[in-house]
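Undergrad: just need the structure, nothing else, for what follows:
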Amino acid sequence: MDCDSFQFTGHSIRRLFERQINEKETILAVKNGEIIAVYPDDKPYPTYLILAFVHTRPLHVVVALDKKKKRCYIVTIYEPDRKIWNSNFKSRRKG
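TA: I've put the predicted structure just below:
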């Protein structure tokens, strides 16, 4: 994802501490990860679900993108639950 700057929400900072993920890992995940879902109608900016692997650990990062300023707002970050997500972590399990 093409961002000139990053801003972490209060929620995302709490999740980083809870989940033992640091800001550098999060930024690398956003820069190098794969967009697996787009929510164009989210406000105030469209959001994206990004999948990345940091030290072999799968991570999902939800990012809101201000395209005019090229600023990424980190909304939340988590390790996808293997009970909910398929083995590729790109789609949810059915049923």
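Undergrad: could I get the full set of strands for this structure?
TA: For the chain, the strands defined by DSSP state E occupy 5-8, 34-39, 47-54, 57-66, 71-78.
Undergrad: for Lys94, find the nearest of those.
TA: Proximity to Lys94, assessed across these by C-beta to C-beta, is greatest for strand 34-39 (16.1 Å). Yep, even glycine has a C-beta here, placed from its N, CA and C like the rest.
Undergrad: strand 57-66 and the closest one, what's the angle between them?
TA: Put simply, strand 34-39 runs at 50 degrees to strand 57-66, going by axes from the mean of the first three to the mean of the last three C-alpha atoms, to 10 degrees.
Undergrad: geometric centre of the chain: which residue is closest?
TA: Centroid-nearest residue in the chain: Val61, 1.1 Å away (criterion: C-alpha atoms, centre = their mean).
Undergrad: wait, doesn't that one sit right on Gly33?
TA: Yes - the pair Val61 and Gly33 qualifies as a contact (C-beta atoms under 8 Å) at a distance of 6.6 Å.
Undergrad: correct me, but Asn22 touches Ser12?
TA: No - Asn22 sits out of contact with Ser12 when judged by C-beta under 8 Å, with a separation of 11.9 Å.
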